[in-house]
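Asker: coords below, sequence missing:
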């Protein structure tokens, strides 16, 4: 098994006080740190972006090649 080290990079960013206050309240409830919370939020945002891109590709694919009439009729009996 190969282990790779994760190198952390420190960044600075402006953030408005009301948002920071909200973050601070949440991290107290979660018993975590600002950094861990923000890393998690960024990971979720990247996942959301990735899913959105896949959904866009899916939609574009069906626009280019729409389902043929009756193509999915076999599944109608399986619908709840």
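Answerer: Everything's here; your move. These figures come from a predicted structure and were not determined experimentally.
Asker: C-alpha from now on. contacts and neighbour counts both.
Answerer: Noted.
Asker: the helices in the protein, which residues?
Answerer: Secondary structure of the chain (DSSP state H): helices at 17-30, 34-64.
Asker: got the ones you listed as a markdown table, with distance to residue 76, mean pLDDT and mean neighbour count columns?
Answerer: As requested, the helices of the chain are exported to a markdown table (distance: least, C-alpha to C-alpha, whole Å; pLDDT from 0 to 100; neighbours: other C-alpha atoms under 10 Å):
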| stretch | distance to residue 76 | mean pLDDT | mean neighbour count |
| --- | --- | --- | --- |
| helix 17-30 | 45 | 98 | 12 |
| helix 34-64 | 20 | 96 | 12 |
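Asker: which one of those lies nearest to residue 5?
Answerer: Evaluated over these, closeness to residue 5 peaks at helix 34-64, with 16.8 Å, by C-alpha to C-alpha.
Asker: which other helices and strands contact the closest one?
Answerer: With contacts taken as 3 or more C-alpha pairs under 8 Å, 6 or more residues apart in numbering; DSSP states H and E, helix 34-64 sits against helix 17-30.
Asker: which elements pack onto the helix it packs on?
Answerer: By 3+ C-alpha pairs under 8 Å, 6+ apart, helix 17-30 packs against helix 34-64.
Asker: how far off centre is the helix it packs on?
Answerer: Put simply, helix 34-64 sits 4 Å off its chain's centre (C-alpha atoms, centre = their mean, to the nearest Å).
Asker: can you add distance to residue 8 and give the helices of the chain back as CSV?
Answerer: Converted to CSV, those look like this (distance: least, C-alpha to C-alpha, whole Å):
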stretch, distance to residue 8
helix 17-30, 20
helix 34-64, 11
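Asker: indicate which one of those helices is closest to residue 10.
Answerer: So among the helices of the chain, helix 34-64 is nearest, using C-alpha to C-alpha, at 9.8 Å.
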